[in-house]
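Peer 1: take this sequence and fold it.
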Amino acid sequence: QVQLVESGGELVQAGGSLRLSCAASGRTFSSYTMAWFRQAPGKERAFVAAIRWSSGTTDYADSVKGRFTISRDNAKNTVYLQMNSLKPEDTALYYCASKWGPIVVESSGYRYWGQGTQVTVSS
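Peer 2: Residues are numbered from 1 along each chain as shown. Model prediction:
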């Protein structure tokens with residue numbers, strides 16, 4: 001059974017940085033896409049970034065390009081989201097998600113989900 005466990009969310013001031021981690025287990029992820037989504041109160045879950053485990057190909061939402069970086073550590077089976085220059089509008093519950101095959105930006109395309117980690121950016 002696939003398990004995704006997020007960590008790293010906390011309260012940070014605007015302009016600060018955080019690194020989220022997603023520890024994955026339960027299968028070999030070489031043919032999988034790993035992604036981060038976020039959901040703010042009263043809003044729909046939104047795509048943030050994704051990475052193909054085997055090739056390292058990435059994709060980002062326009063709102064985070066140049067500020068966030070997704071990466072993976074094959075040895076640790078862990079995916080990271082480095083978040084710099086954080087803004088209050090980045091405040092949300094951040095989810096790690098996984099799917100077999102290529103990157104898609106729709107949340108409905110992802111089969112496996114973690115429980116989420118809260119990021120709060122104060123102004």
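Peer 1: all strands of this protein, in order?
Peer 2: 3-7, 11-13, 18-25, 32-39, 46-52, 58-60, 68-73, 78-83, 92-100, 112-113, 117-122 (DSSP state E).
Peer 1: name the nearest residue to Gly114, ignoring sequence neighbours.
Peer 2: Leu4 (3.7 Å; C-beta to C-beta, 6 or more residues apart in numbering). Bear in mind the C-beta positions are built from the backbone N, C-alpha and C, glycine included.
Peer 1: re the thing from before, to Glu106, which of the strands of the chain lies closest?
Peer 2: strand 46-52 (7.5 Å; C-beta to C-beta).
Peer 1: which strands or helices does that closest one pack on?
Peer 2: With contacts taken as 3 or more C-beta pairs under 8 Å, 6 or more residues apart in numbering; DSSP states H and E, strand 46-52 sits against strand 32-39, strand 58-60, strand 68-73, strand 78-83.
Peer 1: count the neighbours of the residue nearest to Thr120 when sequence neighbours are not counted for me.
Peer 2: Once flanking residues are discounted, Thr120 sits nearest to Leu11: 4.6 Å by C-beta to C-beta, 6+ apart. Counted with other C-beta atoms under 10 Å, residues neighbouring Leu11 total 12.
Peer 1: what sits against the spatially most central residue of the chain?
Peer 2: What sits nearest the mean C-alpha location of the chain, by C-alpha atoms, centre = their mean, is Trp36, with 2.2 Å. The contact partners of Trp36, by C-beta atoms under 8 Å, 6 or more residues apart in numbering, come to Leu20, Cys22, Val48, Ala49, Ala50, Ile70, Val79, Leu81, Tyr94, Tyr95, Cys96, Ala97.
Peer 1: that one and Trp113: what is the separation?
Peer 2: 11 Å (C-beta to C-beta, to the nearest Å).
Peer 1: pLDDT weak spots in this protein?
Peer 2: Of all residues in the chain, none has pLDDT under 70.
Peer 1: try it again with 90
Peer 2: 1, 27-30, 74 (pLDDT under 90).
Peer 1: who touches stretch 108-123?
Peer 2: 2, 4-14, 16, 18, 20, 22, 35, 37-39, 83, 86-100, 104.
Peer 1: buried set for it?
Peer 2: Using 16 or more other C-beta atoms under 10 Å as the test for burial, stretch 108-123 gives Tyr110, Tyr112, Trp113, Gly114, Gly116, Thr117, Val119, Val121.
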